[in-house]
Each structure stands twice: as C-alpha cells, then as structure tokens.
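**Student:** From the sequence below, what's the structure:
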Amino acid sequence: MTVIGVDDTDSRERGMCTTYLAARIAERVRESASVERLLLVRLNPAVEHKTRGNAALAVHTDADPEVAFELAREEVARAAETDDPRTSPGLVVAPGDPDAVPEAVADFAREAVRDHHAIADAEELLANAGYRADGWKEGRGKIGALAAVGAWRAFGGDRGEWTYECITYRERDRWGTPREVDADSVFAAANDAYPVVWDTVDRETGELVCVPHTPGPILHGIRGDDPDAVGRVAAAIESEPVERRALFVTNQGTDAHIRDAESVGAVEDGRSYRVSGAVATAPETRRGGHVFFDLADPESGAEIGCAAFEPTKRFRDRVRDLRPGDRITACGEVAAGTLKLEKFALRDPNRTELVTPDCPECGRSMESAGAGQGYRCRDCATTAPGKVEREVPRELEPGWYEVPPEARRHVAKPLVRGGFDAPTHPEK
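**Tutor:** Below you'll find the model as predicted:
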C-alpha cells in the first residue's frame, strides 16, 4: 500500500479545491493501480494559516510509491493556485499500509486536528519517517499532507468514527460562474434521506447548505453516515452538467476537533473545547447582533466569555434564553479569550429568582426597611428578613442545542447523529 497526502493547494479568491486535486490524482492512479479510498480530514479550524474548511486529503492506493509520488507531484504543480499569496502546497507520499504508519505520525495527525504545528515539526518527522515529500513556496501544506497520511491510524482506522461526503464537480469552464442547481430537487432528496444524510439544506431559511458560494470547482457536497445514501442524494439533484463525482471518507460531523477541558480556567486560545460551568451573567445582545455571556467555574471562580455570533442566526435565541445560575456544557473554539459557541447543553436550569416579598396580609409588595433591615409593609406592619425565592417559568428545556446547518463547521457533530449524553434539540 501507499498513502498520498496533499494539502493547501486551493484559493479563496481564485478557486480550486484540494478535494478536486485529490480526485484527479486518484483518477491518474487508477490508470495503473487501484485506489482503496479517498480520505478527507478536517484539521484544527482555529489555526491562523488555513483554507476555508482547512481540509487535508489522502489517497490510499496500491500504486508503487515512486510512481505515486511523481504522478501526484505533476498534478499538484499543474493545478495548485500558487499565485495566491496564502496558498503554500505540500505533498507527502508514504509507503506501507495507512494502518501501519509510525505512532509518531499518528500523534502528529491527532495534534493537527486539535492543536498546532510548525513546518519544522513536519520536516523533522518526514526525515525520521523517510517519506518522500515536496513543497511549493514555504511548503506549509506539508503539515496537512503529513497529517492526512497519519489520520487513518490516528482516528481508529476501520473501527474509527468516519462519515462520508459525495462531492460533485463542475465543468472547468463554469468555475467562477453562478451555479445552476434546482432547489426543489435538493430539498426532495434531502428530505428522503434525512437523518442518515445531514446538513444538506437549512429547512428554516431555505439555504442550500450543500452548495458552496466560492469560485471553485465544487457543485455540491452531500454529507452523511452512509456512503450509498450520500451518493443517491447527489445523483438525485438536478443541475448543470457534471464533470465528475468522488466519494470521500471523512472526519466531518464527528467533533474530532473538540477536547475536554478540566475547567474553565484551563482553556487556551487557538483550540476547541468542551467545558462545563455556570452562567455568570445574563446574555447580552451587542452591536451587530452578537450575543455574549460569561461562563464561570463554580469552584475556582475563573470565567470565560462565550459568544453566539450573528451568523449562527436562531441559535442566538436559545443562548438568550439562558439565565445566570444555569449549569451548562459549552463547545466551541477559543479565540482572544472568548469561546465561540458551536453547541451547548443545558444541564441544570436555574428555575428560581430572588424577589421582594409580598405582604402575607394584604398581598402588596413590601418596601425596604433600610439597609440590612429586610422588608416591611407599612399598612399592615408585617416584616420579612429579606428577598424570597420565586419560581421562574422556563421555555428552554434541558439538553443539547446547536447552531443551524448553514452555520455549522464541517467537523462539528450535528445533534441528529446521536451519541450525546443528554436529550437533543436538533436543527434541521
């Protein structure tokens, strides 16, 4: 076996897509060898240098490593958008089975999804492993390419949690033009396959989530838990002419980027966490429609700001329904000391509030008797030592809440996939 890893060949402004390049490499390889799978690995979404979805690709094949390297290098040199100053392609070819990469390579892949690497880290490991590699410009893409090589072992191989994406590509002369996709056929296919196939559309806003807006080669990408189902949905969509389709095994929709934090005070910028605490401040809507509140560690008192930004749309209403004292678990990326919410679980809602007591005789609200002296009713001469608890009706039920499909990161796990530790309230 041979593993071909490639990354950082596309451009946000000029188009191209590393998945498309991987599909082309696979087609070239199939002329003389077989391809077992195409692997699409979403790396840490919080890194500074990344493409929009921060995907690295691997091709698992029985091709000769030297032949595979030369063939892949030709394709990268031909297709990579190196004129973009942010694009810095990398290629790695590793002989051997993807299940048998060195543990250090698997560790590197895990860290690339949840942490950070420098080019020097990749260069040192490449030399130690004896892998063939090439880079264009700074060669930053060698980080992702090496991570793609190690990802199959890193995340469990055949026993790992993998999902699938069937990507349909446009004819080359249509790149950069408006996409012609029949929305009714997308919704019909999505509804037929839901929930096995997910994040195809946003049923509340009417957004075609599977259709990108960038100038690249992708016409639509269908994600789900079953390879046959995503293929059927892709084939059922009526659209402009199709150049090719490719099926990818992926870590999308798995929360592979999330790490468990021991406490609120233990989180760091540039990483994504699952962290529990108590809501410390009432959610506040600020300029631009962003919603903020503070999350506190009940034991240490450490706090972190949490934010539901405007693009998360109706999810912000769920965040606004939180109250100080609610115990929650929050998931998201930490940047500039703020946790950007992807989902949260309401664990233990605060169902009471302290209010001024009513007079037991006349029923009217008491008045303050002075600092530290409690409350009194002047008409009835009744007194009370302080405020009293009152039940507060809550619309927000315990359980998990998430951003809508149109705002979800590729790697974030939709609630509809299941496996969560509390009731779920999925967005469709």
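
**Student:** Find the residue ranges of the stretch 251-400 of the chain scoring beneath the pLDDT cut-off.
**Tutor:** Applying pLDDT under 70 to the stretch 251-400 of the chain flags no residue at all.

**Student:** Helices along that one, start to end?
**Tutor:** Assigned by DSSP state H, counting those that start in this stretch, the helices in the stretch 251-400 of the chain fall at 315-320.

**Student:** now the strands for it?
**Tutor:** Counting by DSSP state E, counting those that start in this stretch, the stretch 251-400 of the chain has strands at residues 258-260, 271-279, 284-285, 291-296, 303-308, 327-335, 338-348, 352-355, 367-368, 375-376, 383-384, 388-391, 399-402.

**Student:** List the buried residues in the first one.
**Tutor:** Along strand 258-260, the positions that meet the burial threshold by neighbour count (16 or more other C-beta atoms under 10 Å) are residue 258. Heads up, the C-betas are built off the backbone N, CA and C, glycines and all.

**Student:** Likewise for the longest one?
**Tutor:** Along strand 338-348, these residues count as buried under the neighbour rule (16+ other C-beta under 10 Å): 338-347.

**Student:** re the thing from before, for residue 118, find the nearest of the strands of the stretch 251-400 of the chain.
**Tutor:** Nearest to residue 118 among the strands of the stretch 251-400 of the chain is strand 271-279; the distance by C-beta to C-beta comes to 15.7 Å.

**Student:** Just name whatever secondary elements that closest one is in contact with.
**Tutor:** Helices and strands touching strand 271-279, by 3 or more C-beta pairs under 8 Å, 6 or more residues apart in numbering; DSSP states H and E, are strand 258-260, strand 291-296, strand 327-335, strand 338-348.

**Student:** Select, out of these, the one closest to residue 233.
**Tutor:** Among those, the nearest to residue 233 by C-beta to C-beta is strand 338-348 (24.4 Å).

**Student:** picking that back up, as CSV, the strands of the stretch 251-400 of the chain with distance to residue 70 would be great.
**Tutor:** Output for the strands of the stretch 251-400 of the chain, formatted as CSV (distance: least, C-beta to C-beta, whole Å):
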stretch, distance to residue 70
strand 258-260, 39
strand 271-279, 37
strand 284-285, 57
strand 291-296, 52
strand 303-308, 48
strand 327-335, 39
strand 338-348, 41
strand 352-355, 70
strand 367-368, 84
strand 375-376, 85
strand 383-384, 85
strand 388-391, 73
strand 399-402, 45
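
**Student:** Figure out which of those strands is closest to residue 218.
**Tutor:** That would be strand 338-348 among the strands of the stretch 251-400 of the chain, by C-beta to C-beta, at 23.0 Å.

**Student:** partners of the closest one in the sheet?
**Tutor:** strand 303-308 (parallel), strand 327-335 (antiparallel), strand 399-402 (antiparallel) (DSSP bridges).

**Student:** okay, these in JSON lines with mean neighbour count and distance to residue 5 next?
**Tutor:** Formatted as JSON lines, the strands paired with strand 338-348 follow (neighbours: other C-beta atoms under 10 Å; distance: least, C-beta to C-beta, whole Å):
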{"stretch": "strand 303-308", "mean neighbour count": "22", "distance to residue 5": "34"}
{"stretch": "strand 327-335", "mean neighbour count": "21", "distance to residue 5": "25"}
{"stretch": "strand 399-402", "mean neighbour count": "21", "distance to residue 5": "31"}
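
**Student:** Please identify which of those is closest to residue 214.
**Tutor:** Among these, if distance is taken as C-beta to C-beta, the winner is strand 327-335, at 21.1 Å.

**Student:** Can I get the closest one in PDB, CA atoms only?
**Tutor:** Output of strand 327-335 as PDB, limited to C-alpha atoms (Å, rounded to 0.1, in the frame of the first residue of the first chain):
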ATOM      1  CA  ARG A 327     -25.300  24.900  34.700                       C
ATOM      2  CA  ILE A 328     -24.200  24.200  31.100                       C
ATOM      3  CA  THR A 329     -21.600  22.500  29.000                       C
ATOM      4  CA  ALA A 330     -20.400  24.600  26.100                       C
ATOM      5  CA  CYS A 331     -18.500  23.600  23.000                       C
ATOM      6  CA  GLY A 332     -16.500  25.800  20.600                       C
ATOM      7  CA  GLU A 333     -13.300  27.400  19.600                       C
ATOM      8  CA  VAL A 334     -11.500  29.700  22.000                       C
ATOM      9  CA  ALA A 335     -10.100  32.900  20.400                       C
END
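
**Student:** just the angle between it and strand 291-296, please?
**Tutor:** 110 degrees (axes from the mean of the first three to the mean of the last three C-alpha atoms, to 10 degrees).

**Student:** Okay, angle between strand 327-335 and strand 271-279 too, please.
**Tutor:** Using the same axes, to 10 degrees: strand 327-335 against strand 271-279 is 140 degrees.

**Student:** what does strand 327-335 rub up against?
**Tutor:** With contact meaning C-beta atoms under 8 Å, 6 or more residues apart in numbering, strand 327-335 is reached by 45-46, 255, 258, 267-279, 295, 304, 306, 322, 339-349, 412.

**Student:** what's the domain layout of the chain?
**Tutor:** Domain segmentation of the chain under automatic domain parsing yields 2-159, 163-250, 258-351+393-417, 352-391.

**Student:** quick revisit: dump the strands paired with strand 338-348 to TSV, plus distance to residue 121.
**Tutor:** Below are the strands paired with strand 338-348 laid out as TSV (distance: least, C-beta to C-beta, whole Å):
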stretch	distance to residue 121
strand 303-308	28
strand 327-335	21
strand 399-402	33
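
**Student:** do you know which of those strands lies nearest residue 105?
**Tutor:** Distance to residue 105, taken as C-beta to C-beta, is lowest for strand 327-335 among those, at 25.4 Å.

**Student:** List the residues that contact the closest residue to residue 236 other than its chain neighbours.
**Tutor:** Closest residue to residue 236 apart from its sequence neighbours, by C-beta to C-beta, 6 or more residues apart in numbering: residue 189 at 4.0 Å. Contacts for residue 189 (C-beta under 8 Å, 6+ apart) come out as 200, 232-233, 236-237.

**Student:** quick one: residue 189 is in a helix?
**Tutor:** Yes. Looking at residue 189 with DSSP: H, G, I helix; E, B strand; the rest coil, it is inside a helix.
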